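Colleague: Provide a 3D model corresponding to the input given below.
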Amino acid sequence: MGGDAAHHGGAFRPTSHLPLPESITPSPFEAPASRGVCPGAFFEPVHPLASSGDYRTTPFYELSPIMNVVLLDAIATVSKMQLFDASPDVFVIIAHDASLLDVVPFFPKGELTGWSDTEDKAVSTWRFLRDFGNAVEVLRAKGN
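Modeller: Take a look at the predicted model:
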């Protein structure tokens, strides 16, 4: 459990260990059981480093000194969490991650056991990207 190490998936994803894929299946904009595909490039225009080409390996957000008592410790914690996040043997879940509400069972409705036998991690990893849906649509409508 990532706990409060981050408050949004964009604070620790993507990374060089877990780059934003060329194609995201299922699309973060569709139901978890969907087989719809979303190009990872849809998120380039909304990433702060879009023009540098590092958008596939750099998190969308930087940690803030306002939200972290000791910023360097928070950065170190997230950096370590990113290594776990890239492992197929670890399913990182941060506290208050609303993007997972339609993917994994939440207490008291169920337990998160046997996740490695399901697609829960694959479905959940890029689910936070749907938060950028409106920005992606606006920029795509403008031709960006």
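
Colleague: show me which helix runs longest in this structure.
Modeller: helix 71-86 (DSSP state H).

Colleague: ok, and what's touching that helix?
Modeller: 2, 5-6, 11-13, 15, 17-18, 63-65, 68, 90, 92, 125 (CB atoms under 8 Å, 6 or more residues apart in numbering). (C-beta placed from N, C-alpha, C; glycine too.)

Colleague: beyond that helix, next helix or strand please.
Modeller: helix 120-125 (DSSP states H and E).

Colleague: check which helices and strands the helix or strand just after that next one sits against.
Modeller: Scanning forward in sequence from helix 120-125 by DSSP H and E, the next helix or strand is helix 133-141. Helices and strands touching helix 133-141, as assessed by 3 or more CB pairs under 8 Å, 6 or more residues apart in numbering; DSSP states H and E, are absent.

Colleague: what does helix 133-141 contact?
Modeller: Pro28, Phe29, Phe42, Phe43, Pro45, Val46.

Colleague: now with 6 Å, please.
Modeller: With contact meaning CB atoms under 6 Å, 6 or more residues apart in numbering, helix 133-141 is reached by Phe29, Phe42, Pro45, Val46.

Colleague: Lys121: which of the residues you listed is nearest?
Modeller: Phe29 (18.8 Å; CB to CB).

Colleague: and the closest one, how many neighbours?
Modeller: 17 (other CB atoms under 10 Å).

Colleague: isn't it right up against Leu129?
Modeller: No. Phe29 is beyond contact range of Leu129, at 8.2 Å (criterion: CB atoms under 6 Å).

Colleague: follow-up on the earlier one: show the buried residues in the contacts of helix 71-86.
Modeller: Burial by neighbour count, judged by 16 or more other CB atoms under 10 Å, picks out Gly2, Ala5, Ala6, Ala11, Phe12, Arg13, Thr15, Leu18, Leu63, Asn68, Val92, Thr125 from the contacts of helix 71-86.

Colleague: next, give me the two most distant ones among these.
Modeller: Asn68 and Thr125, at 23.6 Å, using CB to CB across the buried ones among the contacts of helix 71-86.

Colleague: state the pLDDT value of the residue lying closest to Glu22 once chain neighbours are set aside.
Modeller: Nearest non-adjacent residue to Glu22, counting by CB to CB, 6 or more residues apart in numbering: Gly40, 5.4 Å away. For Gly40, the pLDDT comes out at 93.
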